[in-house]
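Undergrad: Kindly return the folded structure for what I paste below:
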Amino acid sequence: MVGAQQVSKAAPDGYTLIIVATEHITAPRVYHRHLYEPVADFAPISQVSAQSYLLVVHPSLPVHSVAEFISHVRVSGRSFLYTSAGTGGVGHLSGEMFKAMADIQMTHVPYKGTGPAVNDTVGGQVLAMFSNPLAVVPHVKSGRLRLLATTGPQRIASLPDTPTIAESGLNGFATLGWNGILAPAGTPAAIVRIIARAVSEIVRAPEMRDRIAGDGAEPVGGTPEEFAERMTIDELRWAGIIANMKIDPE
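TA: This is a model prediction of the structure:
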């Protein structure tokens, strides 16, 4: 948020850019700190990638599917702990949506970053986590975590045998993280389009597509208008979810 605020006030000349994630639009709503307006204060350039998150559990947990997980948590209630990389992130919000749609209770344990959260899930201090694929797939492959489902609307190409949460019984469930590039509002359209074309070419180059896919994400690219639409839709959606679920800093 501090970085975004600085960029929002930078000269709109195309020389100051920021790479953001979905938290760019969720954090101000969760923390009630309006250091910037996520859409109005920026000139969207291009979306770089989109990414489903993963629901993983410690292997000591006697569950192997979303249905079994829900049943186990329903018995445990609020004493069941799940974690994410931090309050207001896609992992946290995915967990809160999951709780609401499954009609269960469990307690979120926020960490300051993905690394510490993954370490404590692998260690069994907490038993479940909603995480980006890059952080947890190596632990899934080693058997230190068990993968139950993905959060996106479709299965992940690199994990074709893993069902989505929607496929697993929570119809309509879908959350995605994304990354993209912004400039300060007022950056001339001609400059924005030049940078957007360059970003799209890089993102869609075979070696970059392979790198992004290897991280469990999907390369996107595209026009400034397409990214602006994505941000606007997600800002409205997440703002409503955050307000309805009364999500506040923990």
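Undergrad: Can you name every helix or strand that the longest helix seen in the chain contacts?
TA: Longest helix of the chain, by residue count under DSSP state H: helix 224-244. When contacts are defined as 3 or more C-beta pairs under 8 Å, 6 or more residues apart in numbering; DSSP states H and E, helix 224-244 sits against helix 23-31, strand 42-51, helix 90-102, strand 177-184, helix 189-203. Heads up, the C-betas are built off the backbone N, CA and C, glycines and all.
Undergrad: just how off-centre is that helix within its chain?
TA: 13 Å (C-alpha atoms, centre = their mean, to the nearest Å).
Undergrad: that older thread, make a markdown table out of the helices and strands packed on helix 224-244 and add mean neighbour count.
TA: Below are those laid out as a markdown table (neighbours: other C-beta atoms under 10 Å):
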| stretch | mean neighbour count |
| --- | --- |
| helix 23-31 | 21 |
| strand 42-51 | 24 |
| helix 90-102 | 22 |
| strand 177-184 | 23 |
| helix 189-203 | 16 |
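Undergrad: closest one to residue 115 among those?
TA: helix 90-102 (13.0 Å; C-beta to C-beta).
Undergrad: what residues are up against residue 173?
TA: 97-98, 101, 151, 164-166 (C-beta atoms under 8 Å, 6 or more residues apart in numbering).
Undergrad: Return the member of those residues nearest to residue 244.
TA: Of those, the one sitting nearest to residue 244 (C-beta to C-beta) turns out to be residue 97, at 10.3 Å.
Undergrad: contacting residues around that closest one?
TA: By C-beta under 8 Å, 6+ apart, the neighbours of residue 97 are 173, 175, 241, 245.
Undergrad: Can you flag the buried ones in the residues you listed?
TA: 173, 175, 241 (16 or more other C-beta atoms under 10 Å).
Undergrad: Out of the residues you listed, which is nearest to residue 78?
TA: residue 241 (20.3 Å).
Undergrad: was I right about the closest one contacting residue 94?
TA: No: Residue 241 is beyond contact range of residue 94, at 10.3 Å (criterion: C-beta atoms under 8 Å).
Undergrad: related to what we said a few turns ago, return the item of the contacts of residue 97 having minimum pLDDT.
TA: Among the contacts of residue 97, residue 245 has the lowest pLDDT, at 79.
Undergrad: Residue 96 is in contact with that one, correct?
TA: Yes: counting by C-beta under 8 Å, residue 245 does reach residue 96; the two are 5.3 Å apart.
Undergrad: Distance to residue 121 for the buried ones among the contacts of residue 97 - can I get that in JSON lines?
TA: What follows is these, written out as JSON lines (distance: C-beta to C-beta, whole Å):
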{"residue": "173", "distance to residue 121": "21"}
{"residue": "175", "distance to residue 121": "19"}
{"residue": "241", "distance to residue 121": "24"}
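Undergrad: ok, so of these, who is nearest residue 224?
TA: Looking across these and measuring by C-beta to C-beta, the closest to residue 224 is residue 175, at 24.1 Å.
Undergrad: what are the pairing partners of the helix or strand where residue 55 lies, and which direction each?
TA: Secondary structure assignment for residue 55, by DSSP states H and E: strand 54-57. Looking at strand 54-57 with DSSP bridges, its partner strands are strand 128-131 (antiparallel), strand 146-150 (antiparallel).
Undergrad: want to try CSV for these, with distance to residue 10 and mean neighbour count as columns?
TA: Below are these laid out as CSV (distance: least, C-beta to C-beta, whole Å; neighbours: other C-beta atoms under 10 Å):
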stretch, distance to residue 10, mean neighbour count
strand 128-131, 32, 27
strand 146-150, 37, 22
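Undergrad: nearest to residue 111, of those?
TA: strand 128-131 (9.3 Å).
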